[in-house]
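**Student:** with the sequence up front, the predicted model follows.
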Amino acid sequence: MEIKEVITCHGHAHVRGTHRTTFEITCEDELSLQGDCIIGVSADKGALDLADDFCSLLADDRAILTTHLQAGDITCEIRSRGSSQMTFDHPTDLVWRRSDFVCGRTIGIGSDYVARTLPRELIEILSGGAEMIVIMTASREE
């Protein structure tokens, strides 16, 4: 079983992509230099806006999340896991984490990419304000 969610967001002049344990997309329009995990702003969805069936599928310890980030001609695929502890109740943010920590902003844990390890070409194009399409596919073997 698979369910997809698509989010559109934009880069920002302050996108640095240097955080060591996470990356984040937010509905907020502004970004300070302290937000070194944020790679996309002005997202059209936060965790709270995701479809119920997508969240139900991902809120399982057996779930896998595959995320494709597409900006310009740059694409990156991230693999993460779901968790039965996920609540998807944050109104503006989505966070992918290397660790197993879960809060209302968490969309994936055990991620194989974090801000610091994303392709530098992607971070460069996002720091120029490029549009980014985020395609998330939640799956679980039955």
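**Tutor:** Good, I have the coordinates. Model, not experiment: these values are computed from the prediction. Numbering: from 1, shown residues only.
**Student:** all the strands of the chain, residue numbers only.
**Tutor:** With DSSP state E applied, the chain shows strands at 2-10, 22-26, 38-40, 64-71, 74-81, 93-97, 106-108, 131-139, listed in chain order.
**Student:** the fifth one versus strand 22-26: what angle between them?
**Tutor:** Just to be clear, that refers to strand 74-81. In terms of direction (axes from the mean of the first three to the mean of the last three CA atoms, to 10 degrees), strand 74-81 departs from strand 22-26 by 110 degrees.
**Student:** now R120. Nearest residue, chain neighbours left out?
**Tutor:** For R120, the nearest residue in space outside its immediate sequence neighbours is G17; the separation is 7.8 Å by CB to CB, 6 or more residues apart in numbering. For glycine as for every other residue, the C-beta is placed from the backbone atoms N, C-alpha and C.
**Student:** returning to that earlier point: so for P119, which of the strands of the chain sits nearest?
**Tutor:** With CB to CB, the closest approach to P119 among the strands of the chain belongs to strand 74-81: 5.5 Å.
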